[in-house]
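A.B. asks: Build me a structure from this.
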Amino acid sequence: MKVVALLLLVLFWFILVLSIGYIPIEKRVAVFYLKDAPSSIKTANVVTSVVWEYRGYDTLGEQTVLFAAAVAVVAIMIGGMKSARKTNE
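C.D. replies: Reported below is the predicted structural model:
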């Protein structure tokens, strides 16, 4: 039974990999971003316009998580240094 499941999994994987080359790629969105993004948002480049305008809320969430993680690391390090000083005294 495990051999049959493995063969089906390998067959599915090969079909998936081989069929990816035949899937048409939608290019309208990329063309829109490259052509209209910097001029409509008045930014220096496409990356800045996409990050700050089109993905603004998502980026804000990611930055909030990174900031919270950095604050947590600093708090842990400060707490570790304080406890190390107490044990040395």
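A.B. asks: Show the pLDDT at G56.
C.D. replies: If you check G56, the pLDDT there is 69.
A.B. asks: ah, wrong one, I meant A75
C.D. replies: Reported pLDDT for A75: 93.
A.B. asks: Tell me how many other residues crowd it.
C.D. replies: Using other CB atoms under 10 Å, A75 is surrounded by 10 other residues. The C-beta positions use only the backbone N, C-alpha and C, and glycine is treated the same way.
A.B. asks: just wondering, since we're on it, how far is it from K2?
C.D. replies: From A75 across to K2, the span is 48 Å (CB to CB, to the nearest Å).
A.B. asks: again, but for V47
C.D. replies: The value you get for V47 to K2, if CB to CB is used, is 47 Å.
A.B. asks: In terms of neighbours, single out the busier of those two.
C.D. replies: Applying other CB under 10 Å to V47 and K2 shows that V47 carries more neighbours, namely 12 against 6.
A.B. asks: any idea how far D58 is from that one?
C.D. replies: From V47 over to D58 the distance is 14 Å, taken as CB to CB.
A.B. asks: now A5
C.D. replies: Summarising the geometry, the distance separating A5 from D58, computed by CB to CB, is 38 Å.
A.B. asks: All the helices of this structure, in order from the start?
C.D. replies: Residue ranges of the helices in the chain, as given by DSSP state H, are 2-20, 28-41, 46-49, 56-88.
A.B. asks: most packed of the ones you listed?
C.D. replies: When neighbours are counted by mean count of other CB atoms under 10 Å, the highest per-stretch mean among those falls to helix 46-49, a mean of 15.
A.B. asks: so where is the protein shaky, pLDDT-wise?
C.D. replies: Within the chain, the ranges that satisfy pLDDT under 70 run 54, 56, 83-89.
A.B. asks: Quick test: name the residue nearest the centre of it.
C.D. replies: The residue lying closest to the centre of the chain (CA atoms, centre = their mean) is E62, at 8.6 Å.
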